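**Q** sequence plus predicted model, see below.
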Amino acid sequence: TFLLALTFLFLFSGSVYGDDLQGGWSAYERKDYKTAHKLLLPLAEQGDADAQFNLGLMYQKGHGVPQDHKEAVKWYRLAAEQGFIFAQFNLGQIYQNGTVVPQDYREAVKWFRPSAEQGYAKAQHNLGWMYAEGHGVSQDHKEAVKWFRLAADQGFAGAQYSLGMMYQVGLGVPQDYKEAIKWNRLAAGKGIADAQRNLGWMYAEGHGVPQDYKEAVKWYRLATEQGHAVAQFNLGGLYVLSTGVSQDYQEASKWYRLSAEQGYVDAQVGLGLMYSEGKGVPQDHKEAVKWFRLAAEQGNAIAQYNLGMMYANGDGVPQDYKETVKWFQLAAEQGIAQAQYNLGVGYLQGQVVAQDYKEAIKWNRLAAEQGYAQDQFNMGAWYEYGIGVDQDLLLAHMWYNLAGSNGHKDGPKYKNILEKKMTPQQIEKAQ
C-alpha cells in the first residue's frame, strides 16, 4: 500500500528527498491528494523510486489525478527498474491479470522474480503459483513448493494455504495430510476461507486428524460466514447425512441454495434433487428443472442425466424425448451408467430413437463394464441369441455370471439354463 511504501522509506532510507516524501505522505493521509501529487511528482521525475511507486498508486486508484492505468504502469516500471520490490510486484500483477495491459505471464514472472528474490512474501507466493500453473514458466511443482514455503515461513497466510494444498494433494512433495493440516490450520486461523474449508474436509474425512464431524462443522461454518460456496455445500451435505449435526433438510436446502446461487455446480444438483423429492422445500419440479439445467449447462453429468429424466417423465417441463436423448447422450459420454443403460434400451426398442442394435450394444456394454447388473444381464442375452452381435455362448455365460455376482436375480437362473445348451468343454472354459 501507499503507507507501506513510505514507511519503508522513512525507516530504512537516507534519501535526500525525505522531507518532501514525508510531506507527500502526510498529505495523502489527510486525503489531500492534490498536495500529495504536487510534492511527489517532481521527486518521481528526478528518479526517486519511492515517489515513482507512490505516484503509480495514485494513478492506479485515481487519487488526486484522473485514474490512468497507463500512467500507473509507467511509474511502476520506472520504480521497478530500480529494484523497488513493491513496484516489481504490482507490475507483475498487472501483467498477470491482463486487465490494464495485454496478459503476459512471462512478463509477470519477470517482475515477480526479483521482488520474490528480495524476500517479498506476496511476490514469492505469486511466483509459486506461476510455477504451479505453468504460467510464463514450465510447470514445476517442486519450484512452486519452494516459493510457497519461503512466503509461508514469513507468516503469509495465502502461502500457508497454498503450501497446505500441495501437501494435501501431493504436488511437489509427498502427500502428507499432517503437514497439510499444519499449514491449513495456520492459514485458517488468519481467516483464509479456503483453508477453513479444507480443514473442515480433512476432519470430515479423517485425513491427518481423527475423524471428527463436529470439528468439520466448526470449520465449514467459519468458511460459510465468509460466503465460501464449497463450504456452504459441504455444510448442507452434513445436514442431509446427519453427521456432526442433527438431520435437517430445511437447513441443508438453505446452505445448498446459498452455494448454488454462487454457481457451485454440485450445490445446484443437490438443490435440484431437494425440489424434485420435496425434501426441505415444497416439491416443485419446475424449480428442480431450473437447478438441474444450470448444472447441466456447466457440464455436470449427474444433472444432465436428471434433466433427461425430467424430460422423459414430463416433470416440470413438457415431455420431450428428443431433449431426453440429448441430455442422456451428454451424461452417457461422461460415464453415467444409468444414462448409458437408458440409451441402450432406447436404441434396442426403437421407440425414442431409430432402432439400432449396434448403438444399443455400444451403450449397454459401457454400462455393463462399469458393473451395472441389468446391462450385464442384457449383454448375456444378446450374446446368447446373437442380437446385434455374433452369437457366443461363452461370452453370454460370462455376462450372466457377472450380472448374478452384482445382484441381478435372474443372472444365475439364465446362466444355468444356458449351460444346458453348452458342452462340458464350453462350460469348463467359461468358468
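**A** Great, that's in hand.
**Q** if I look at Gly158, how far off is Ala187?
**A** Noted for Gly158: a distance of 7 Å to Ala187, by CB to CB, to the nearest Å. Glycine gets a C-beta too; all of them are placed from N, C-alpha and C.
**Q** neighbour count: those two, which is higher?
**A** Between Gly158 and Ala187, counted using other CB atoms under 10 Å, the more crowded position is Ala187 (26 against 21).
**Q** residue contacts, Tyr385?
**A** By CB atoms under 8 Å, 6 or more residues apart in numbering, the contact set of Tyr385 is Gln391.
**Q** what does Leu393 give?
**A** Residues counted as contacts of Leu393 (CB under 8 Å, 6+ apart) are 383-384, 418, 421-422, 426, 430.
**Q** ok, those residues vs Glu143, which is closest?
**A** Nearest to Glu143, judged by CB to CB, of the contacts of Leu393 is Tyr383 at 53.8 Å.
**Q** sorry, back to before: for my notes, please list the contacts of Leu393 in JSON lines and give secondary structure and distance to Glu287 for each entry.
**A** Output for these, formatted as JSON lines (DSSP: H, G, I helix; E, B strand; the rest coil; distance: CB to CB, whole Å):
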{"residue": "Tyr383", "secondary structure": "helix", "distance to Glu287": "44"}
{"residue": "Glu384", "secondary structure": "helix", "distance to Glu287": "45"}
{"residue": "Leu418", "secondary structure": "helix", "distance to Glu287": "48"}
{"residue": "Lys421", "secondary structure": "coil", "distance to Glu287": "53"}
{"residue": "Met422", "secondary structure": "coil", "distance to Glu287": "54"}
{"residue": "Gln426", "secondary structure": "helix", "distance to Glu287": "55"}
{"residue": "Ala430", "secondary structure": "helix", "distance to Glu287": "51"}
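**Q** out of those residues, who's the most crowded?
**A** Using other CB under 10 Å as the neighbour test, those are led by Tyr383, with 24 neighbours.
**Q** residues near Gly200, how many?
**A** Counted by other CB under 10 Å, the residues lying close to Gly200 total 30.
**Q** look up phi and psi at it.
**A** Gly200 adopts backbone torsions of phi -60, psi -40, taken as degrees, to the nearest 10.
**Q** repeat for Asp176
**A** phi -150, psi 100.
**Q** what does Gly64 give?
**A** phi 80, psi -10.
**Q** repeat for Asn406
**A** Phi and psi for Asn406, reported as degrees, to the nearest 10, are phi -100, psi 10.
**Q** contacting residues around the residue nearest to it when sequence neighbours are not counted?
**A** Nearest residue to Asn406, sequence neighbours excluded (CB to CB, 6 or more residues apart in numbering): Ala373, at 4.0 Å. By CB under 8 Å, 6+ apart, the contact list for Ala373 reads 402-403, 406-408, 411.
**Q** so His228 touches Gln196, yeah?
**A** Yes. Counting by CB atoms under 8 Å, His228 touches Gln196, with 7.3 Å between them.
**Q** more crowded one of those two?
**A** Higher neighbour count among His228 and Gln196: Gln196, with 28 against 24, using other CB under 10 Å.
**Q** touching the helix or strand hosting the more buried one from outside, list them.
**A** Taking DSSP states H and E as the criterion, Gln196 maps to helix 193-205. For helix 193-205, the surrounding residues in contact (CB under 8 Å, 6+ apart) are 157, 160-161, 164-165, 168, 177, 180-181, 183-188, 207-209, 211-213, 215-220, 222-223, 226-228, 230-231, 234-235, 238, 243-244.
**Q** only whichever of these are buried, select them in PyMOL.
**A** To isolate the buried subset of those in PyMOL, counting by 16 or more other CB atoms under 10 Å, use the following:
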select buried, resi 157+160+161+164+165+168+177+180+181+183+184+185+186+187+188+207+208+209+213+215+216+217+219+220+222+223+228+230+231+234+235+238+244
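**Q** Gln232: how many residues sit nearby?
**A** Neighbour count for Gln232, taken as other CB under 10 Å: 26.
**Q** Three-state assignment for it, please.
**A** Counting by DSSP: H, G, I helix; E, B strand; the rest coil, the backbone at Gln232 sits in helix.
**Q** how close does it get to Lys214?
**A** The value you get for Gln232 to Lys214, if CB to CB is used, is 18 Å.
**Q** so for Tyr249, what's the pLDDT?
**A** We note a pLDDT of 98 for Tyr249 in this prediction.
**Q** skipping adjacent residues, who's closest to it in space?
**A** Gly280 (3.1 Å).
**Q** residues near Cys191, how many?
**A** Just so we're on the same page, residue 191 is Gly rather than Cys. Neighbours around Gly191, by other CB under 10 Å: 13.
**Q** give me the three-state assignment for it.
**A** Three-state call for Gly191 (three-state DSSP): coil.
**Q** same deal with Gly371?
**A** Classification of Gly371 using three-state DSSP returns coil.
**Q** can I assume it is in contact with Ser405?
**A** No. With contact defined as CB under 8 Å, Gly371 does not reach Ser405; the gap is 9.2 Å.
**Q** what comes into contact with the host helix or strand of Lys358?
**A** In this assignment (DSSP H and E), Lys358 forms part of helix 357-369. For helix 357-369, the surrounding residues in contact (CB under 8 Å, 6+ apart) are 332, 335, 337-338, 340-341, 343-348, 353, 374-376, 378-379, 382, 387-389, 399, 402.
**Q** narrow those residues to those in helices?
**A** By the criterion of DSSP state H, membership of the contacts of helix 357-369 in helices covers 332, 337-338, 340-341, 343-348, 374-376, 378-379, 382, 399, 402.
**Q** relative to Lys409, how far out is Tyr385?
**A** Distance from Tyr385 to Lys409, by CB to CB: 20 Å.
**Q** contacts only, for Leu238.
**A** Applying CB under 8 Å, 6+ apart to Leu238 gives the contacts 204, 213, 216-217, 220, 244-245.
**Q** in TSV: these, plus secondary structure.
**A** Putting the contacts of Leu238 into TSV (three-state DSSP) gives the following:
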residue	secondary structure
Ala204	helix
Tyr213	helix
Ala216	helix
Val217	helix
Tyr220	helix
Gly244	coil
Val245	coil
